[in-house]
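Q: sequence first, then the predicted structure, then my questions.
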Amino acid sequence: MGHWHDVRDKLRDPARDLREHIPEVYRGFADLSSSSLKDGVISSAMKEVIALALGVAAQCDGCIAAHARAAVKKGASPQQVAEALGVAIMMGGGPATVYAPRAWEAYQEFLETQKAE
């Protein structure tokens, strides 16, 4: 396992603790997430790729880790991810040229883990 697994692991306990204090907020967010990311006209895999690109725009390592992993699990191809990250760079400029490679690295890390399983 690599860095992006560590990002997810380090967020797990603090998120669990906070969720215990504000369960309604987390339930609402979980409902919003599941309804937003389910298959529709746009596949759930592509929605995860969109969320990954938005994680780049938000410069959010936790978002990158979560959505890179989900994009892999839902079958997004490397080329789909690469092209979406290209759009993120176009929209985000210089900061996105830092965070898009981080997202690419996260996707590749989770892809390699899945291949090893």
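A: That came through, no problem.
Q: any buried residues in the longest helix anywhere in the chain, and which?
A: For the chain, the helix reaching the highest residue count under DSSP state H is reported as helix 78-116. Along helix 78-116, these residues count as buried under the neighbour rule (16 or more other C-beta atoms under 10 Å): 80-81, 84-85, 87-89, 92, 96, 99-100, 102-104, 106-111. C-betas here are computed from N, CA, C, even on glycine.
Q: any idea how far the residue of the chain most remote from its centre lies from D13?
A: Distance to the chain centre peaks in the chain at H21, reaching 24.6 Å (criterion: C-alpha atoms, centre = their mean). Per C-beta to C-beta, to the nearest Å, H21 is found 13 Å from D13.
Q: so which residue is smack in the middle of the protein?
A: Note: the chain centre (C-alpha atoms, centre = their mean) maps to H67, 1.6 Å.
Q: now that one: how far from G28?
A: Distance of H67 to G28, given as C-beta to C-beta: 19 Å.
Q: A57 too?
A: Taking C-beta to C-beta, one finds A57 at 23 Å from G28.
Q: in terms of neighbours, single out the busier of the two.
A: A57 (17 against 11; other C-beta atoms under 10 Å).
Q: any idea which element the more buried one lies in?
A: If you go by DSSP states H and E, A57 is part of helix 44-58.
Q: tell me what angle that helix forms with helix 78-116.
A: 100 degrees (axes from the mean of the first three to the mean of the last three C-alpha atoms, to 10 degrees).
Q: so which elements touch helix 44-58?
A: Using 3 or more C-beta pairs under 8 Å, 6 or more residues apart in numbering; DSSP states H and E, the elements in contact with helix 44-58 are helix 23-37, helix 61-73, helix 78-116.
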